[in-house]
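Participant: model this:
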Amino acid sequence: MKHNILLIISLIISLSGVAKNNAKNVFEEYKKSHHLQCDDSLYIYKFVTEATSSISPELEKSYTWYYNNAIHTSKGNYSGKLLNGTFTKLDKRTNELVEKGSFTFGKKDGAWYNWGKNGGLQAYTEYKNGTPHGSFIQYTDGKQFAEKGSYQNGLKTKTWTTYEEGVVINTTNYKNGLKDGKSTTYDKNGNIEKVEHYKKGELDGKCYLYKDNKVVSKEVYKNGELKKEKKHIVRKFIKKLFKKKEKAEKSEDVKKAKEAKRAEKAEKREQRKKEKIEKREQKKKAKSAKEKTGKK
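Facilitator: Next comes the predicted model:
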């Protein structure tokens, strides 16, 4: 019994110690950061700031800070308490979310979301140290894609896809923020309209135009300059078609000429045959007349 009482007392002491430590941690955290709210005529802002901000700003970075009951953003410096933690922006009239994300010492960090007036998701962007880095998705109405791609240190990278009414109309490859590689344009039915090749943001290589899923023209570029004049493949095809037609017509004429020649030869043979028959008949008649004369 005595042993149990001692256990209970020690447990109470330890719990009180934990509670004291937690309270101390909360107080220390409060001294470091403040959870605040402010608003303007359109929006309500809920955010966390550093109690005191003393980091050295980077000239190429944008900073978001709080001063005099308002949020400010400036590039290369700040003059207030840096936002550091979760951030939400709400429509003052409807209380709906407009923007949500996180700051790390005044710079956007991690996933950021933007919503339109109808409450549909408008954009999703990933940040690192205040710069877009990672996935980017833009929507038309929260359901259909408008554009999708990736950033690396604020520059477009890999394949970016553009949509119209939910249908892919272009795919383009990027490297270090510049078009680099293949770019394909489609119509609303998914048929290819154009294929281009880029290198460091300039046209480089073969570029094709399509009609009804068939190549109708081709250009060749080098470092953005047209090196080979456009070949009108349709014209070439028509020319080839006419040549085939001319060849066929010529072949038909030759065939007809041969047939006419054969017919002419056959006619001559027939004529000679008739002439031979007539000669025989004439000889026969002459002989018969001679015999009659001799009898007289």
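Participant: quick one: low-confidence ranges for the protein?
Facilitator: 1-32, 228-239, 241-242, 294-296 (pLDDT under 70).
Participant: hey, where'd the helices end up in it?
Facilitator: 2-32, 233-295 (DSSP state H).
Participant: tell me what the last one is packed against?
Facilitator: Based on contacts counted as 3 or more Cβ pairs under 8 Å, 6 or more residues apart in numbering; DSSP states H and E, the elements that helix 233-295 packs against are strand 214-222. Heads up, the C-betas are built off the backbone N, CA and C, glycines and all.
Participant: Pairing partners for the strand it packs on, with directions?
Facilitator: strand 205-211 (antiparallel), strand 225-232 (antiparallel) (DSSP bridges).
Participant: neighbours around Leu36, how many?
Facilitator: 15 (other Cβ atoms under 10 Å).
Participant: For Leu226, see how far away it is.
Facilitator: 59 Å (Cβ to Cβ, to the nearest Å).
Participant: For the residue nearest to Ser33 when sequence neighbours are not counted, grab the count of nearby residues.
Facilitator: Nearest non-adjacent residue to Ser33, counting by Cβ to Cβ, 6 or more residues apart in numbering: Val48, 5.3 Å away. Number of residues near Val48 (other Cβ under 10 Å) recorded here: 19.
Participant: do the one 3 residues further on as well
Facilitator: A total of 12 residues lie near Ala51 under the criterion other Cβ under 10 Å.
Participant: Over to it: give its phi and psi.
Facilitator: For Ala51, the backbone dihedrals (degrees, to the nearest 10) come out as phi -60, psi -40.
Participant: thought it was touching His34?
Facilitator: Yes. With contact defined as Cβ atoms under 8 Å, Ala51 reaches His34; the gap is 6.0 Å.
Participant: residues shared between the contacts of those two?
Facilitator: Jointly contacting Ala51 and His34 under the rule Cβ atoms under 8 Å, 6 or more residues apart in numbering are Lys81.
Participant: still on that earlier bit, go ahead and confirm the residue nearest to Ser33 touches Gln37.
Facilitator: No. Judged on Cβ under 8 Å, Val48 makes no contact with Gln37 at a distance of 10.6 Å.
Participant: just how off-centre is stretch 134-145 within its chain?
Facilitator: Offset of stretch 134-145 from its chain centre (Cα atoms, centre = their mean, to the nearest Å): 13 Å.
Participant: Who are the contact partners of the residue most central in space within the chain?
Facilitator: Centroid-nearest residue in the chain, with Cα atoms, centre = their mean: Thr171, separated by 2.1 Å. For Thr171, the contacting residues are 159-162, 182-184, by Cβ under 8 Å, 6+ apart.
Participant: among the residues you listed, which two are most distant?
Facilitator: The span of the contacts of Thr171, defined through Cβ to Cβ, is set by Thr162 and Lys182 at 14.3 Å.
Participant: Those two: which is more packed in?
Facilitator: Taking other Cβ under 10 Å, Thr162 and Lys182 do not tie; Thr162 has more neighbours (17 against 14).
Participant: Across the sheet, point out what pairs with that one.
Facilitator: Applying DSSP bridges, one finds that Thr162 bridges with Glu147, Asn170.
Participant: Next, count neighbours for Ile71.
Facilitator: Residues near Ile71, counting by other Cβ under 10 Å, number 19.
Participant: so it touches Tyr78, yeah?
Facilitator: No. Counting by Cβ under 8 Å, Ile71 does not reach Tyr78; the two are 11.3 Å apart.
Participant: Find residues that contact each of those two.
Facilitator: What both Ile71 and Tyr78 touch, as defined by Cβ under 8 Å, 6+ apart, is the set Trp65.
Participant: Once you drop chain neighbours, what's closest to Gly130?
Facilitator: Gly130 sits nearest to Lys107 (Cβ to Cβ, 6+ apart), 3.1 Å away.
Participant: An error on my part: the question was meant for Tyr113.
Facilitator: Lys100 (4.9 Å).
Participant: Now do the one you found against Tyr151, distance only.
Facilitator: Lys100 is 19 Å from Tyr151, by Cβ to Cβ.
Participant: Any figure for the gap between Trp65 and Gly80?
Facilitator: As for Trp65, its distance to Gly80 is 4 Å (criterion: Cβ to Cβ).
Participant: for Lys148, that is, sorry about that
Facilitator: On the measure of Cβ to Cβ, Lys148 and Gly80 end up 36 Å apart.
Participant: now do Leu42
Facilitator: 21 Å.
Participant: before we move on, what about Gln282?
Facilitator: Distance from Gln282 to Gly80, by Cβ to Cβ: 136 Å.
Participant: if I pick the nearest residue to Asn129 once chain neighbours are set aside, what's in contact with it?
Facilitator: Leaving aside its sequence neighbours, Asn129 sits nearest to Lys107 (Cβ to Cβ, 6+ apart; 5.8 Å). Shown in contact with Lys107 (Cβ under 8 Å, 6+ apart): 61-64, 127, 129-130.
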